[in-house]
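J.: Got a sequence here, can you build the structure:
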Amino acid sequence: MVHNKMMFSRSLATCMLAGLLCVSELQGQEFRIMASGNETSIYREDIPFLLNSKVQFSDAIITYKGKLGSFKVKEGIGYNEGKSDMIADWDVAASNGALTVTVASKNPRVTVTVLEFDVSKNIRFFGGGEQFSYVELTGKKVPFLVEENGIGRGDKPVTGIANIVGAGGHEFSSYLPIPLIINSENFAYLIENDCFSEIDLSQEGKIRLKVHDNSIKLRVWKAESPKELITQISQHLGRMPILPDWTYGTILGIQGGADVVRERVKTAQSFGNPITAIWIQDWVGKKKTPIGSRLHWEWQPDTLTYPNFKQFCQEMNVQGIKVMGYINPFLLEGTAMTNEALKRNLIIHHADGTPYLVPFGGFDGYILDLTNPETRIWIKRIITTNMIENGLSGWMADFAEWSPFDAKLHSGIAPKDYHNRFAADWALINREAIQEAGKEGEVVFFSRSGWTGSSGISTLFWAGDQMVSFQPNDGLPSAINAMLSSGLSGIAINHSDIGGYTALNYPIFKKYLRNKELLFRWIEFEAFTPIYRTHEGLLPKDMVQYYSDNETQQFFARFAKIHLELKPYFQKLIQEAAETGIPVIRHPWLVCPSDPECLNTNYQFFVGDDVLVLPVTEKGASTVSGYFPEGEWIHLFYGTTFLGNRWQEVRAPIGVPAVFMRKGTNVGLNSGLLTH
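T.: Next up is the predicted model:
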């Protein structure tokens, strides 16, 4: 039997049916493929990449039901393997040090493909893109579908309240899922299909992959360490660029019009806050709705709120302050901009060809059809003309999770195969607009949503809309999990809204409103991440803000100065991230892979390899426990030394976070700022 040196395909299926043993070497990679019965194994230099793998196909009827950007997926009953027309075709190749495997059925009725294989027992799994409830995925069954994060995500009672309108979410809801897992043996597995997928790790010693397609595309890496593994993964998926100099200071998230913004800036500066940018999401103005005031989704300056907007941006720039705005891929019903898009067929349509009007909560609107090349040109022109040329140096590129499954898209692609990719394409449009304007490296946008490959597209990420609470699934702790999990998935630079975003103030339900303790703890945490940006939140007037009183202004400014003094350290780490994909915020396992205790930590993280942070994540707590790896660790605020290779409890009153520097290193902090 003769095999192609670089591709091994249909002959493998034939061997499987015959119950024979097949061996094929892939040129330069020394992969061996062995098939016996209905099981297939693939090795490289005796390392098992896929062991005892099995394939199943099904023609199950699948339904996707969406509401407010969240989706429920249901699979009917189909018939499975064993049918003569369900035989698998295998393509196996070596690509840049990775193994790529495609297993397909030629039966057009197939809607679900499952690939199951054995792995070692007693190993741990991580990754999955941006995960909020869990960093470790061992024992979990994880779905991968870009959607709204949900309100509560299982935390009580808020999830039940939000589910009245179908917005509660669940423990795996994610704006930025990536069907990628890495394990403690330094293997990585990436499903490369864009459709809905699932990785089932619930059975020890097995991995079960499922996709809603008639084939599954898998890429497998093996490395000597988790850092090397992430370097390999990011080489394939793309790496994030270096941030411009102005992003390292305080980014004030404020709104209310030009005069209010000027006053907020002036007051914050009087407390010594090193403001380098303002983020004004209401640059487009606001619209009153039955559920409150929302942004006016027509992407041009609002002349009432910000008269002479270009001049306003220039005024801020003279003070050394950049101006950031807001955009999303939706259009508000009834505006001139929307009417133009409708006339030119630039929005998503129903299957019958009528415009797809979407209820967004308080008002209706349309979603841009990003599969239409004319749409991309049109919205990029708007970004260039109305945003960049008016003086914006960056913006929040929001949403991109709502692409419907029952739509008609311009390109003809099936909506199920484009839903997840929409998020990455929205980011790509923003990136291309910056590049085409000649502003690469100067202008920054931060994405909420994403998909496979987004790490090589978006200039920055933020973790979306956390509750203003300490609850684990959707509060402050979940923002930390988001950074750790996304970092292990190739998203090297991430941050969250200081103080959280989502608030509830209904008299008959439990109130969720930001208080001073939560805001202070979030400030402490974000001061040791690359981006230090506030958000007034969903109900600004009902919640504590950084400008609420002098004490809060002073506290916020103090940690702003600490954050800015870390700028050279952050710049070094972001340069490393651009070259290797290794994240700035690091899970302890990345730093100390030979220490098994580093796999058992919760919420603590490293900034680079030399700064260890144990954030307080519980309401009313004044101490925090964590694991100290090998070495000696100097408390940045107390100056005391903590010995490594042990778990310890540390005092952490408000204003004195548990942050440690590896002995013998210097990250450039001014000791005067560290005195409480």
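J.: Apart from its neighbours in sequence, what residue is nearest Arg533?
T.: Ile251 (3.9 Å; Cβ to Cβ, 6 or more residues apart in numbering). Backbone N, C-alpha and C define where each C-beta goes, glycine included.
J.: Please identify the buried residues of stretch 237-254?
T.: The neighbour-count check on stretch 237-254 (16 or more other Cβ atoms under 10 Å) flags 237-241, 243-244, 246-254 as buried.
J.: That one - what's its average pLDDT?
T.: For stretch 237-254, mean pLDDT rounds to 98.
J.: Please apply the same query to stretch 126-135.
T.: pLDDT averaged over stretch 126-135 gives 98.
J.: that older thread, in what helix or strand does the residue nearest to Arg533 lie?
T.: Here Ile251 sits within strand 250-253, counting by DSSP states H and E.
J.: Could you list every helix and strand in contact with that strand?
T.: helix 258-270, strand 275-279, strand 532-533, helix 550-565 (3 or more Cβ pairs under 8 Å, 6 or more residues apart in numbering; DSSP states H and E).
J.: Following element in sequence after the longest strand seen in the chain, please.
T.: If you go by DSSP state E, the chain has its longest strand at strand 47-58. Sequence order places strand 62-67 as the next helix or strand after strand 47-58, per DSSP H and E.
J.: which secondary structure elements does that next one contact?
T.: Using 3+ Cβ pairs under 8 Å, 6+ apart, strand 62-67 sits against strand 70-75, helix 415-436.
J.: what angle sits between it and helix 415-436?
T.: 60 degrees (axes from the mean of the first three to the mean of the last three Cα atoms, to 10 degrees).
J.: for strand 62-67, which positions count as buried?
T.: The neighbour-count check on strand 62-67 (16+ other Cβ under 10 Å) flags 62, 64, 66 as buried.
J.: Let me see the contact set for the second one.
T.: Shown here is Tyr64, whose contacts under the criterion Cβ atoms under 8 Å, 6 or more residues apart in numbering are 71-73, 196, 405-406, 416, 419.
J.: State the distance from it to Phe71.
T.: Distance from Tyr64 to Phe71, counting by Cβ to Cβ, to the nearest Å: 6 Å.
J.: picking up where we left off before, any idea which of the buried residues of strand 62-67 is closest to Val112?
T.: When the buried residues of strand 62-67 are ranked by distance to Val112 (Cβ to Cβ), Ile62 comes first, at 7.4 Å.
J.: hang on, the earlier thing: out of the helices and strands packed on strand 62-67, nearest to Pro472?
T.: strand 70-75 (19.8 Å).
J.: Beyond the closest one, next helix or strand please.
T.: Following strand 70-75 in sequence, per DSSP H and E, is strand 89-95.
J.: Quick check: which ranges of the protein have low pLDDT?
T.: Along the chain, the parts satisfying pLDDT under 70 run over 1-30, 79-86, 676.
J.: what does the domain assignment say about it?
T.: Following automatic domain parsing, one finds the domains of the chain at 10-237, 588-674.
J.: can those go into JSON lines with extra columns for distance to Asn317?
T.: Formatted as JSON lines, the domains of the chain follow (distance: least, Cβ to Cβ, whole Å):
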{"stretch": "domain 10-237", "distance to Asn317": "31"}
{"stretch": "domain 588-674", "distance to Asn317": "27"}
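J.: Can you report phi and psi for Lys288?
T.: As for Lys288, its main-chain torsions (degrees, to the nearest 10) stand at phi -80, psi 130.
J.: can you pull up the bridge partners for it?
T.: Ser293 (DSSP bridges).
J.: Could you give the number of residues near it?
T.: A count of neighbours around Lys288, defined by other Cβ atoms under 10 Å, yields 11.
J.: what about it, distance to His296?
T.: Distance, Lys288 to His296, by Cβ to Cβ: 10 Å.
J.: if I look at Pro615, how far off is Thr63?
T.: On the measure of Cβ to Cβ, Pro615 and Thr63 end up 41 Å apart.
J.: that older thread, sheet-wise, list the partners of the longest strand of the chain with their directions.
T.: strand 39-44 (antiparallel), strand 112-118 (antiparallel).
J.: can you give me the angle that strand makes with strand 89-95?
T.: Going by the same axes, to 10 degrees, strand 47-58 makes 150 degrees with strand 89-95.
J.: any idea how far Val650 is from Pro568?
T.: Relative to Pro568, and taking Cβ to Cβ, Val650 is found at 26 Å.
J.: which residues does the closest residue to Phe330 other than its chain neighbours contact?
T.: Nearest residue to Phe330 in three dimensions, chain neighbours excluded: Gly365, at 4.9 Å (Cβ to Cβ, 6+ apart). For Gly365, the contacting residues are 297, 330-333, 338, 357-358, by Cβ under 8 Å, 6+ apart.
J.: Go through these and flag which are in helices.
T.: Thr338 (DSSP state H).
J.: would you turn the contacts of Gly365 into a markdown table with distance to Val220 and neighbour count?
T.: Output for the contacts of Gly365, formatted as a markdown table (distance: Cβ to Cβ, whole Å; neighbours: other Cβ atoms under 10 Å):
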| residue | distance to Val220 | neighbour count |
| --- | --- | --- |
| Trp297 | 42 | 25 |
| Phe330 | 38 | 20 |
| Leu331 | 42 | 24 |
| Leu332 | 45 | 20 |
| Glu333 | 47 | 17 |
| Thr338 | 46 | 20 |
| Leu357 | 44 | 14 |
| Val358 | 39 | 21 |
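J.: out of the contacts of Gly365, what pair is the most spread apart?
T.: So, these by Cβ to Cβ: farthest apart are Trp297 and Leu357, at 13.4 Å.
J.: Counting neighbours, show which residues of stretch 205-213 come out buried.
T.: 206-213.
J.: re the thing from before, of the helices and strands packed on strand 62-67, which approaches Leu504 most closely?
T.: For Leu504, the closest of those is strand 70-75, at 17.2 Å, according to Cβ to Cβ.
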